[in-house]
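**Q** Predicted model follows, preceded by the sequence.
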Amino acid sequence: MGEKITLIGAGLTGPLLATYLAQQGYHVEIFERRQDMRKEDISAGRSINLAMSVRGIHALKEVGVYHAIEPLTIPMKGRMIHGLDGSTHLQPYGQREKEVIYSVSRAKLNMELMTLAEKTGKVQIHFNQKCTHVNLEKKKFTLLDRSSSKEQVLPFELIMGVDGSASAVRDAMTEGGKIDSNYKPLNHGYKELTIPPTEDGEFQLEPNALHIWPRGQFMLIALPNMDRSFTCTLFFPMEGDTSFATVNSENEITQFFEDYFPDSIPLLSNLVHEFQTNPTGHLGSVYCDPWHVEDSAVLLGDAAHAVVPFFGQGMNASFQDCTVLNTLMSEHGGDWQNILSEFSRIHVKNGHAIADMALENYIEMRDKVNDPQYKIRRKLELALENQFPDRFIPRYSMVSFNQIPYSKVYQRGNLQLKIIEALLDLDPNGKTIDRVIVEKMLN
């Protein structure tokens, strides 16, 4: 196979996809707007660490790089909930030892994936090259060299947009009337803060958990890093009485944290400075359909389905895109018309489903996890899983510890919610499981 494939974007998805393509025999050129992070100390402008689960791990194993990534991960076995009174309790993600998710450094993972792609001998990454326009009719794209400010127009045979939520490839597909695309902003943003290690170089909090301070309309979370620090993220309304628009001065920031996150203040050694100087990130979801144009262009990752981060599935969903496309390449050979058509047909609905579930999970994380009724439902959910292990799997487990298509997870999750509601109607304490009702509804 001598066909050359053009990728726009060398974030996490681009190099992984390029490795899959190289292993299928293709030659790949990647054009990335940023500098090479392996040579320059740059900020990706995005979250420092990510939650990795089964879908992402499967992809890394398929391309043969997981052995290099695993030592860079920290297992998180559940949510450590921080109450307003300073109390904490752990809510396990699952009830089996293997049911954990992993904190991993975005930058280190990105660097490993770029190096892996280049080692195939079939992938070349061009840095400081910003794609500013794509002409699908003429099969040409325009690059701006960010070092020299010069532009060039290059041809492509097949172009793959893995250039994130502000994708130039998606813009071209949308403007050309080839796809329907919709960006739905969330009226909440985020700010990253840091919990450093202790003076002895140890973690200040339990490292094997994702920490959450749920406060109704907003929340603070913390994920562990390999250097024994934690990356904290405040998810907060952009506008309103208590929001990024109103909390700005030193006094306002300090008072806000004293009111809502008092136990975090001794941990956040540089709170006011980081709050005032770190950028405020924006959140939103991308929905588009289809994800391809004939045999000439396709979208993967955030370019196709950017999601809010509240299910920890952004990276995992993007990596699974690569896995699905790779399977279709093996099934259809070099017939890109069929490969891409089938990719959209079977997988677009999964992108929409995880986008919807991620939004729903934000409400659960910031509001419901401390609710006594939520805890009753969660215990009942786990009890149902024990009694019907092959037929009732909690939605979180289906998403994070299985590879069931997201669209099927969404459908099954809704059915299982109806089962839980029916059982709670019989016993509000959730201690009674009527097998007849469950069997009838599962069938």
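**A** Ah, there it is.

**Q** Which strand runs longest in the chain?
**A** Counting residues, the longest strand found in the chain (DSSP state E) is strand 180-195.

**Q** got the CA positions of it in PDB?
**A** Output of strand 180-195 as PDB, limited to C-alpha atoms (Å, rounded to 0.1, in the frame of the first residue of the first chain):
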ATOM      1  CA  ASP A 180     -24.200  18.700  10.000                       C
ATOM      2  CA  SER A 181     -22.200  20.100  12.900                       C
ATOM      3  CA  ASN A 182     -23.200  21.600  16.200                       C
ATOM      4  CA  TYR A 183     -21.200  23.000  19.100                       C
ATOM      5  CA  LYS A 184     -23.100  23.200  22.400                       C
ATOM      6  CA  PRO A 185     -21.200  25.300  24.900                       C
ATOM      7  CA  LEU A 186     -21.600  24.600  28.600                       C
ATOM      8  CA  ASN A 187     -22.100  27.700  30.700                       C
ATOM      9  CA  HIS A 188     -19.500  26.300  33.100                       C
ATOM     10  CA  GLY A 189     -15.700  26.700  32.700                       C
ATOM     11  CA  TYR A 190     -12.700  25.400  34.600                       C
ATOM     12  CA  LYS A 191      -9.600  26.600  36.400                       C
ATOM     13  CA  GLU A 192      -6.600  24.400  37.300                       C
ATOM     14  CA  LEU A 193      -4.900  24.700  40.700                       C
ATOM     15  CA  THR A 194      -2.100  22.600  42.300                       C
ATOM     16  CA  ILE A 195      -1.800  20.700  45.500                       C
END
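
**Q** residue ranges for the helices of the protein, please.
**A** Secondary structure of the chain (DSSP state H): helices located at 13-23, 54-63, 66-69, 106-119, 168-175, 250-260, 271-277, 302-305, 314-332, 336-363, 372-387, 395-400, 406-426, 435-442.

**Q** of all these, which lies closest to K150?
**A** Closest of those to K150 is helix 168-175, at 17.6 Å (criterion: CB to CB). Just so you know, the C-beta spots here come from the backbone N, C-alpha and C atoms, and that holds for glycine as well.

**Q** Contacts for the closest one next, please.
**A** 8, 131-136, 159-161, 163, 179-181, 286, 288, 293, 297, 299, 303-304 (CB atoms under 8 Å, 6 or more residues apart in numbering).

**Q** In strands only, show me those residues.
**A** Among these, the members falling in strands (DSSP E) are 8, 131-135, 159-161, 180-181, 286, 288, 293, 297, 299.

**Q** residues contacting P75?
**A** Contacts of P75 by CB under 8 Å, 6+ apart are 100-102, 208.

**Q** From S400, how far off is it?
**A** The gap separating P75 from S400 is 12 Å, by CB to CB, to the nearest Å.

**Q** Repeat that for K122.
**A** 33 Å.

**Q** Could you check the pLDDT of the residue nearest to E252 when sequence neighbours are not counted?
**A** Closest residue to E252 in three dimensions, ignoring its sequence neighbours and counting by CB to CB, 6 or more residues apart in numbering: T246, at 7.1 Å. pLDDT recorded at T246 is 97.

**Q** hang on, T246 packs against F236?
**A** No. If you go by CB atoms under 8 Å, T246 and F236 don't touch, sitting 10.2 Å apart.
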